[in-house]
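In: Sequence isn't available, so here's the structure alone:
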């Protein structure tokens, strides 16, 4: 409904339509990480409404046609991501395509008219263009421009995704630039990043990242809903984050528990977790030699783990968690799947079959 009014505004006064993006009704714009009374927080929804208004002009305000256009944008970035993983991983294409396009939670929450799909698509484009820059030493202005625009959009829609993406990209670049131990490079960068995270209040009071993360959790705690989790409020200090870590791991990686799967959505999320757990076990018992040292594998894994940890620290509702985690699932499943030596799995199966029919 809001987009319909915006479309009429666009057709009658396009200058004010676009100018409205940069205006707000508060006394000041507010903190970029604040979830209330902030221009930046409202901008997330405003951008989607403005984009939908533009689509209405092309589709004559047809909702179903707008869904097709949004899903085209959603799949556009995923195709770019698929092109990268096909070059990096020697594995069946249909398996890679299935992980990127057909994970049920990701397909559901990142399709339709939501910002989740736009964020995932922009992330896929950033990875694709960054990969092209890594493979070609000559910098291309068009790639850099695309990376900047998409990263900015990701930050405006969901700032923590952009902040999690930057250290992962930087680590990936360091691995290929200096040819050092990839795992050591990633762990070193993230160790420094965690240190800067907790030192940020002493560097600048306007960049108090522990406070921003704790505030986001407190905003969730103020909400009401049937899938709320009984957790303690997070304090913006190092010890509180350490004590809360087991809870964050439980929420980010293992929720919903089987006792909480009381509806189809929760049951589907639980089955997804079990399937990912099965793949992880297979990767442990049948690992592909040296695959875990691949910088791109580590990039995907560290980026995905960062997203799940942030969700574990901030989200206090199982229903919301399923949505936020759906974005990270491809980046978690891809490195696990590509680390499984499927050829080595055939031997135990054959031995079992031979013993059975002796």
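Out: Received, thanks. Just so you know, these numbers come straight off a predicted model, no measurement behind them.

In: and residue 24, how far is that from residue 40?
Out: To residue 40, residue 24 is 9 Å away according to CB to CB, to the nearest Å. Placement of C-beta: from N, CA and C, glycine included.

In: From the chain's centre, how far out is the longest helix along the chain? Work that out for me.
Out: Longest helix in the chain, counting residues (DSSP state H): helix 63-88. Relative to its chain's centre, helix 63-88 lies at 15 Å (CA atoms, centre = their mean, to the nearest Å).

In: Check stretch 52-72 too.
Out: Centre to centre, stretch against its chain (CA atoms, centre = their mean), the figure for stretch 52-72 is 25 Å.

In: what is the mean pLDDT for that stretch?
Out: Mean pLDDT, computed over stretch 52-72, is 85.

In: which parts of it are buried?
Out: Buried residues in stretch 52-72, counted by 16 or more other CB atoms under 10 Å: 52-56, 59, 61, 66, 69-71.

In: Contacts for that stretch next, please.
Out: If you take CB atoms under 8 Å, 6 or more residues apart in numbering as the criterion, stretch 52-72 is touched by 3-4, 6-7, 9-11, 17, 111-114, 117-118.

In: try 7 Å
Out: Residues outside stretch 52-72 that contact it (CB atoms under 7 Å, 6 or more residues apart in numbering) are 3-4, 6-7, 10, 111-113, 117.

In: Tell me, what's the model's pLDDT at residue 339?
Out: pLDDT, residue 339: 86.

In: actually residue 356, sorry about that
Out: Residue 356 is given a pLDDT of 46.

In: got it, and residue 5?
Out: On pLDDT, residue 5 comes in at 83.

In: go on, residue 183?
Out: 90.

In: Kindly report the same for residue 230.
Out: Predicted confidence (pLDDT) for residue 230: 87.

In: Surely it forms part of a strand?
Out: No. Applying DSSP: H, G, I helix; E, B strand; the rest coil, one finds residue 230 to be coil, outside a strand.

In: Please identify the buried residues of the following helix or strand past the longest helix of the chain?
Out: Past helix 63-88, further along toward the C-terminus, the next helix or strand under DSSP states H and E is helix 93-101. Neighbour-count burial for helix 93-101 flags 96, 99-101 (criterion: 16+ other CB under 10 Å).

In: Same check on stretch 14-22?
Out: residue 17.

In: from memory residue 332 sits against residue 304, does it?
Out: Yes. Using CB atoms under 7 Å, residue 332 is in contact with residue 304, at 4.0 Å.

In: Span of stretch 281-294 from start to end?
Out: End-to-end span of stretch 281-294 (CA to CA, to the nearest Å): 20 Å.

In: mean confidence for it?
Out: Stretch 281-294 shows an average pLDDT of 80 in the prediction.

In: same question, stretch 125-133
Out: 93.

In: neighbouring contacts of that stretch?
Out: Residues external to stretch 125-133 that are found in contact with it (CB under 7 Å, 6+ apart): 77, 80-81, 83-84, 139, 143, 146-147, 150-151, 165, 169.

In: Going along the chain, name the strands of this structure.
Out: Counting by DSSP state E, the chain has no strands at all.

In: Can you list the low-confidence ranges for it?
Out: Along the chain, segments meeting pLDDT under 70 span 1, 27, 29-30, 35, 137-138, 290-292, 346-358.

In: coming back round to it: just give me the closest of the buried residues of helix 93-101 to residue 313.
Out: Distance to residue 313 across the buried residues of helix 93-101 (CB to CB) is lowest for residue 99, with 25.8 Å.

In: For the nearest residue to that closest one once chain neighbours are set aside, give me its contacts.
Out: Counting by CB to CB, 6 or more residues apart in numbering, residue 333 is the residue found nearest to residue 99 once chain neighbours are left out, at 4.9 Å. Residues near residue 333 by CB under 7 Å, 6+ apart: 99, 103, 276, 279.

In: I figured the last one was touching residue 337, is that so?
Out: Yes. The pair residue 279 and residue 337 passes the contact test of CB under 7 Å, sitting 5.9 Å apart.

In: So between those two, which is more surrounded?
Out: A side-by-side neighbour count of residue 279 and residue 337, using other CB atoms under 10 Å, places residue 337 first with 22 against 17.

In: residue contacts, the more buried one?
Out: For residue 337, the contact set (CB under 7 Å, 6+ apart) comprises 95, 99, 279.

In: Then residue 311?
Out: Neighbouring residues of residue 311 by CB under 7 Å, 6+ apart: 252, 321, 324-325.

In: Next, the contact list for residue 271, please.
Out: By CB under 7 Å, 6+ apart, the contact list for residue 271 is empty.

In: Fine, thanks again, bye for now.
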